[in-house]
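Chemist: I'd like to go over a predicted model; first the sequence, then the structure.
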Amino acid sequence: MRITHIVTRGDDLGGAQVHVRDLCAGLRAVGHQVTVLAGGRGVFTDQLEQSRIPWRCIRHLRAPIHPARDTAALFELVGALRDLRPDLVATHTAKAGMLGRAAARILGIPSIFTPHGWSIGNRISRKQGLLFRALETIAAKVTDRVVNVCEYERLLARDCRVAGADKLAVVYNGLPDVDEGFLAKPAAQPPRVAMVARMAAPKDHATLLRAAAGLSKDEPWTLELAGGGPREDALREMAENLGIPGRVTFRGFQRDVAGILAGAQALALSSASEAFPYVILEAMRAGLPVVASKVGGIPEAVVHGETGLLFPAGDAEALRACLALLLGNPRLRREMGAAGRRRFLNHFTLERMLSGTQRVYDAVLRERRRPLALRPVAPRPYTLQ
């Protein structure tokens, strides 16, 4: 089958880009033809080239709303799709989702949309939320299926009446496994807590720094923050003012997330809002316990008290208590990390995501009277250490 994936940014490597990269690699491995259309070029398109995944640049496709430029991007997309003649168009993120589905509709091609975090919840202002909700409701009418990355997102779309239940599917994000050398040692001392996230307001690093500032100064813990962003300077200053600059390391943007997690003893994620963040799955894959805010689909991945600990978003005292419990108990870190690793292997592998996605593709094409014979996807064997 010929599948074209459309994503807004080619110069970024967020969850949507990781999803498209790994999904395309998996689809190619089982014999499908895939092409990615992306706005601009950069770290994401570099990785596509390294993986030998064909891609094309859509010059006018950018995230900010700009009527003239968006119209030009729509014409670009129509031209590219007319040239590629895919059996199915899979769109990702809001802007690419809108324009990509419109282009597919013009050409009569079945389309699927994966929002990777709806712009209709608490992530934006109420006024913007109402606007995007109206736009998404209209776009859903010309969409064959909306694939949500977690149950929380599906229920949000259902409750906001973006689409009918028959159009809303859930396929959890999944990741390829890592070699044994990238498995963490959560019981090692001294403990290091890692947070891997862009330094922007929704990630709420400030709550994590306030929580860390109240931890025991007699314990040799450290905090490693990986990720660049507009709030980095302010967070560095905050760490100074809280008296913990020697405990906190700012690593900036890092491509080697697996390496960072392999060297940590726990993952923290203090986000104010999320859909279904990849970094939690990456931590579980590495065998790390997770301390995360109870938002979005995070509770669908992290089992409180079993694979990690959950706390109310913005509650520094609750986060501090969770961190203190883990930092003072190497055995608990090891047990939770092992449970998280098992949960990753059972629910969040690339093979499971690929299998679920192919079932959605098959259903859409069957409804369009174009049956597809799918190839089975064999799980990668792995023996827990």
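Modeler: Yes, it's here.

Chemist: buried stuff in the one helix or strand in the chain whose mean pLDDT sits lowest?
Modeler: Lowest mean confidence among the helices and strands of the chain (mean pLDDT, DSSP states H and E): helix 126-140, at a mean of 80. Residues of helix 126-140 classed as buried: 129, 132-133, 135-136, 139-140 (neighbour count, 16 or more other Cβ atoms under 10 Å). C-beta: built from backbone N, CA, C; applies to glycine.

Chemist: what's the average pLDDT for stretch 175-190?
Modeler: Mean pLDDT, stretch 175-190: 96.

Chemist: circling back: now distance to residue 169 too, for the buried residues of helix 126-140, in JSON lines please.
Modeler: Formatted as JSON lines, these follow (distance: Cβ to Cβ, whole Å):
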{"residue": "129", "distance to residue 169": "23"}
{"residue": "132", "distance to residue 169": "20"}
{"residue": "133", "distance to residue 169": "19"}
{"residue": "135", "distance to residue 169": "20"}
{"residue": "136", "distance to residue 169": "16"}
{"residue": "139", "distance to residue 169": "16"}
{"residue": "140", "distance to residue 169": "13"}
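
Chemist: Nearest to residue 14 among these?
Modeler: residue 132 (18.2 Å; Cβ to Cβ).

Chemist: can you list contacts of the least confident helix or strand of the chain?
Modeler: Residues from elsewhere that reach helix 126-140 (Cβ atoms under 8 Å, 6 or more residues apart in numbering): 94, 97-98, 101-102, 113, 115, 118-121, 124, 146, 157, 160-163, 167.

Chemist: how does it look with 6 Å?
Modeler: Identification of contacts with helix 126-140 by Cβ atoms under 6 Å, 6 or more residues apart in numbering yields 98, 101, 119-120, 160, 162-163.

Chemist: what stretches of the protein score poorly on pLDDT?
Modeler: The model of the chain has pLDDT under 70 over residues 121-129, 370-385.

Chemist: how about the strands of it, start to end?
Modeler: Assigned by DSSP state E, the strands in the chain fall at 2-9, 33-39, 55-57, 88-92, 111-114, 145-148, 168-170, 192-196, 222-226, 248-252, 266-269, 290-293, 308-311.

Chemist: and the first one, what other elements does it pack with?
Modeler: For strand 2-9, the contact count by 3 or more Cβ pairs under 6 Å, 6 or more residues apart in numbering; DSSP states H and E identifies helix 15-29, strand 33-39, strand 88-92, helix 94-107 as packing neighbours.

Chemist: Which one of the ones you listed lies nearest to residue 265?
Modeler: helix 15-29 (23.9 Å).

Chemist: and the angle from the closest one to helix 94-107?
Modeler: Here helix 15-29 runs at an angle of 50 degrees relative to helix 94-107 (axes from the mean of the first three to the mean of the last three Cα atoms, to 10 degrees).

Chemist: Please state the offset of helix 15-29 from the chain centre?
Modeler: In terms of Cα atoms, centre = their mean, to the nearest Å, the centre of helix 15-29 is found 12 Å from the chain centre.
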